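Asks: what would the 3D arrangement of this be:
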Amino acid sequence: MIYLLSIVSFAGLVVALAAGLMVAERFLVTYGICKLDINAGEKPLEVDGGQTLLACLYANDIFIPSACGGKGTCGHCKITVTSGGGPILPTETPLLTRKEIRSGVRLACQVKVREDIYVRIPSDLLNVKMFTSTVESSVTLTYDIKEITLRLEEPAQINQRPGQYVQVQAPSPEGPVFRAYSISSPAHEPNIVQLVVRLVPGGIGSTYLHNVEPGDTVNFTGPYGEFWLNEDPLVEIVCVGGGCGMAPMANIIYTLYEKWPDRVCWLFFGCRTTKDVFYLKEFEELAKKHKNLHVVYALSDTLEEGETWDGETGFIHLSVDKYLEAGVRRQAFLCGPPLMIEAVTRVLEEKGTEDIFYDEF
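Replies: Okay, the predicted model is just below:
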């Protein structure tokens, strides 16, 4: 019993000391005004010391991706700190590769600004904006997926590339948080942002979006993302998705056929059951107008009694393997669960495809 009391007392003392240090740093330690230099003078700022680097950037309308609200768990807020960031923290190392650590990559939410700090940020991120929009429509696609159309108010237009995403600001008990959703509306419709949102049980962002109604205000930042569509019309495009991974695929395909009506494109979409199928009729209608668009849906689960299905069956990578010939110049975009991404990537590489972009969720 004495040992137990000693352990409890020691643990309490450690917690008290840690809390005391945090309070002391918050209220007693001041770092004054610090210089925040971005991209070697491209955007010099002066900020109050003591904040996290992520907070300083957001306060100056520089919206670095962050899905966890600055808790250091998502690993999205990576930027390069060339000087002034202090030693790397144990909270950062699990989310950084050795190469990133050697290159000075840090998590902006974990770096405290205590002195002048010099950072490098991709130019694309410096162009990210905060948008105010109005919900134009909310359409049920399946039992757990909705299509949300947002009409932009301020700014009134977005300049996005096919396959990019936005981060929607959602309310939570701990304050506003951001959650990432791919843009499904095509790039040639700059006044709207359409999202395909699957309801995740307990999910802050999806619960919020599944309950918005026409006329509601939704704020988001963007656009973000690494997808780049090959401009060579002789290069085939392959889109492979599953579930709400349809969103970037829809954007890519409708953007593609607005610019290149005769370009070859394959859409492979994996569903578990017929209840998970959506947009199939719309793409079949589009394929009637564009003969080089090939639409392949596949169901991975067995059909229930009384159900009919004339499409493919099995996991979607099997359909990719079945329909695509080897040795053709292609660019591929994949969006879905990690196991699907891994299986499809193997098939594409075996067929000679090297230009592959993917998003896992």
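Asks: show me the domain layout of the chain.
Replies: Per automatic domain parsing, the structural domains of the chain span 31-124, 128-224, 236-360.
Asks: any figure for the gap between L125 and S133?
Replies: Applying C-beta to C-beta, to the nearest Å, one obtains 20 Å for the distance of L125 from S133. From N, CA and C alone the C-beta is placed, and that goes for glycine too.
Asks: in contact with T255, which residues?
Replies: When the contact criterion is C-beta atoms under 8 Å, 6 or more residues apart in numbering, the partners of T255 are P162, P186, A187, H188, L229.
Asks: of those, buried ones?
Replies: Those of those that meet the buried threshold are P162, P186, A187, L229, by 16 or more other C-beta atoms under 10 Å.
Asks: spit out the contact partners of the first one.
Replies: Contact criterion C-beta under 8 Å, 6+ apart gives P186, A187, F227, L229, P248, N251, I252, T255, L256 as the residues in contact with P162.
Asks: in CSV: the domains of the chain, plus mean pLDDT.
Replies: CSV is the format used below for those (pLDDT from 0 to 100):
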stretch, mean pLDDT
domain 31-124, 91
domain 128-224, 95
domain 236-360, 93
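Asks: of the contacts of P162, which belong to helices?
Replies: Under the assignment DSSP state H, those contribute P248, N251, I252, T255, L256 to helices.
Asks: quick one: which of these is most hemmed in?
Replies: For these, counting by other C-beta atoms under 10 Å, the largest number of neighbours falls to N251: 29 neighbours.
Asks: assess the claim that it and G163 are in contact.
Replies: Yes - shown here, N251 and G163 form a contact pair, counting by C-beta atoms under 8 Å, at 6.3 Å.
Asks: any residues in contact with both of those two?
Replies: For the pair N251 and G163, residues contacting each of them under the criterion C-beta under 8 Å, 6+ apart are S182.
Asks: which of the contacts of P162 sit farthest apart?
Replies: Across the contacts of P162, no pair lies farther apart than P186 and F227, at 13.5 Å, counting by C-beta to C-beta.
Asks: helix, strand or coil for the closest residue to K291 other than its chain neighbours?
Replies: With sequence-adjacent residues excluded and distances taken as C-beta to C-beta, 6 or more residues apart in numbering, K291 is closest to D262, at 7.8 Å. Using DSSP: H, G, I helix; E, B strand; the rest coil, the secondary structure recorded for D262 is coil.
Asks: contacting residues around D262?
Replies: Shown in contact with D262 (C-beta under 8 Å, 6+ apart): P233, H290, K291, N292.
Asks: D359 now?
Replies: G163, Y165, S182, G225, G245, P248, L334, C335.
Asks: closest to L150 among the contacts of T255?
Replies: For L150, the closest of the contacts of T255 turns out to be P186, at 14.4 Å, with distances computed as C-beta to C-beta.
Asks: now that closest one: how far from T80?
Replies: 33 Å.
Asks: one step back: let's see which of the contacts of D359 end up in strands.
Replies: Among those, the members falling in strands are Y165, S182, L334, C335 (criterion: DSSP state E).
Asks: okay, now the second one: neighbour count?
Replies: For S182, the neighbour count with other C-beta under 10 Å is 29.
Asks: the strands in the stretch 251-361 of the chain, which residues?
Replies: All strands of the stretch 251-361 of the chain, identified by DSSP state E, counting those that start in this stretch, fall at 265-271, 293-299, 312-313, 330-336, 355-360.
Asks: to P87, which of the ones you listed lies closest?
Replies: Between P87 and the strands of the stretch 251-361 of the chain, the shortest gap by C-beta to C-beta is with strand 355-360, which sits at 30.5 Å.
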